[in-house]
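model this:
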Amino acid sequence: MTMRPALLAPPIRWPAFPSVVIRLAFRPRQAENGVATREMSPMRFSGLLVVLVMLAACGDRGGNASNLPGAAASGTGSREVFVDDFAGSSLGSAWTIIQRRGPASQDENECYTASAVAVSDGNLNITTSATPATCGDAVTAPSQLPYTSGDIQWTNLNFTYGTVEVRAKFPPQNTKTWPAIWLLGADCQSASITNGSTYDPFQGCAAQGTAAYREIDMVECDTRSWCHMVLAQGKKGWGDICAFPVDADFHVFRLNWDASTVSLAIDGAAPVCSFKNTSLKGPMFLLMQTQTTKPGSLAPPDDTKLPATFQIDYVKVTQP
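Residues are numbered from 1 along each chain as shown. I've put the predicted structure just below:
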């Protein structure tokens, strides 16, 4: 996540399907040799086949990329294009765990490691600790940094317009960490895996302040405000920060993004932030992470409050 200018829905759970009793699938035939037999009507056989296919398709909800397109319609006239409720013991292939340093260009001092990302008890857990590690990235030589943390992003999936709903529990404010749920232009999707800085163009990723740069910080928490939403829209650059309080309990954060507006609502209430969409017109991908920074425009973490965990219960994306 890049530096900015200073200034209740229940969790989705997919229960096992109960036993399905199919009645009247067969019709009696005339007795032959005194023995009554039964045959399945063609229409009912087709119906049974559809049911079996639907049950099989619902068997994996773990964020596997093969499940993403064309998902079931919701009751609100939208269709689900991605869902992950982190019900297993590891991330699905839809996600990539970032393994590099946070960008030196914005004074970050954490190594992103696979060990800081875990799936357990129905949650994704991103843990930040005062554990030194050595790491670099595509533009910075390896060095020892004082913190380890976690960062994940969509591997291939990206989308244009829709809603992003995340039920999450942010670390306590007194940790002075830098957790975020955000979206970045799809031109940066590959580059982000090896280089988190967007101050200069890199491998097709546009630089901040250029016409092609797009970023939505859906929920970002740091020492400027705990928490806020802010957008970067092409040449217009960074807009104003829209601040709102977030405690250390689980909350449902819902981003609405369409051709005219980008807004955020919390726990089903009216939007707390709303911005005019002037340049966020192309595909974007999702990232979730916790950053740290050395003294500067943001405060460093409070080591006495670490380790601290950012928990995500589920992620759901829908489109009209």
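
Contacts for stretch 233-248, please.
Counting by Cβ atoms under 8 Å, 6 or more residues apart in numbering, stretch 233-248 makes contact with 4-5, 7, 169-173, 208-214, 219, 221, 224-232, 264, 266, 272-273, 275, 277-280, all of which sit outside it. C-beta here means a position set from N, CA and C on the backbone, and glycine is covered the same way.

Specify the beta-bridge partners of the spatially most central residue of the chain.
Among the residues of the chain, the smallest C-alpha distance to the mean C-alpha position (Cα atoms, centre = their mean) belongs to residue 286, namely 4.9 Å. Counting by DSSP bridges, residue 286 is bridged to residue 183.

And it, how close does it get to residue 116?
Separation of residue 286 from residue 116 (Cβ to Cβ, to the nearest Å) stands at 18 Å.

Which stretches in the stretch 101-250 of the chain count as strands?
In the stretch 101-250 of the chain, strands defined by DSSP state E, counting those that start in this stretch lie at 110-112, 117-120, 123-128, 133-137, 140-145, 147-149, 151-154, 162-169, 178-185, 214-221, 226-233, 242-243, 250-257, listed in chain order.

mind listing what's buried in the fourth one?
Going back to what we said before, that points to strand 133-137. Buried residues in strand 133-137, counting neighbours by 16 or more other Cβ atoms under 10 Å, are found at 133, 135, 137.

Then the second one?
Of the residues in strand 117-120, those buried by neighbour count under the rule 16+ other Cβ under 10 Å are 117-119.

Provide the strand pairings for it, with the direction of each partner.
Based on DSSP bridges, the pairing partners of strand 117-120 within the sheet are strand 123-128 (antiparallel).

what do you get for the last one?
Strands that pair with strand 250-257, judged by DSSP bridges, come out as strand 162-169 (antiparallel), strand 261-266 (antiparallel).

Including distance to residue 250 and mean pLDDT, could those strands go into CSV?
Putting the strands paired with strand 250-257 into CSV (distance: least, Cβ to Cβ, whole Å; pLDDT from 0 to 100) gives the following:
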stretch, distance to residue 250, mean pLDDT
strand 162-169, 5, 98
strand 261-266, 11, 98
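
Residue 311: which of those is closest?
Shortest separation from residue 311 across those is recorded for strand 162-169, at 4.3 Å, computed as Cβ to Cβ.

which residues are contacting the closest one?
If you take Cβ under 8 Å, 6+ apart as the criterion, strand 162-169 is touched by 9, 11, 78, 81, 181, 183, 218-219, 248-257, 286, 288, 310-320.

mind running it again at 7 Å?
Defining contact as Cβ atoms under 7 Å, 6 or more residues apart in numbering, one finds that strand 162-169 is touched by 11, 81, 181, 218, 248-257, 286, 311-319.
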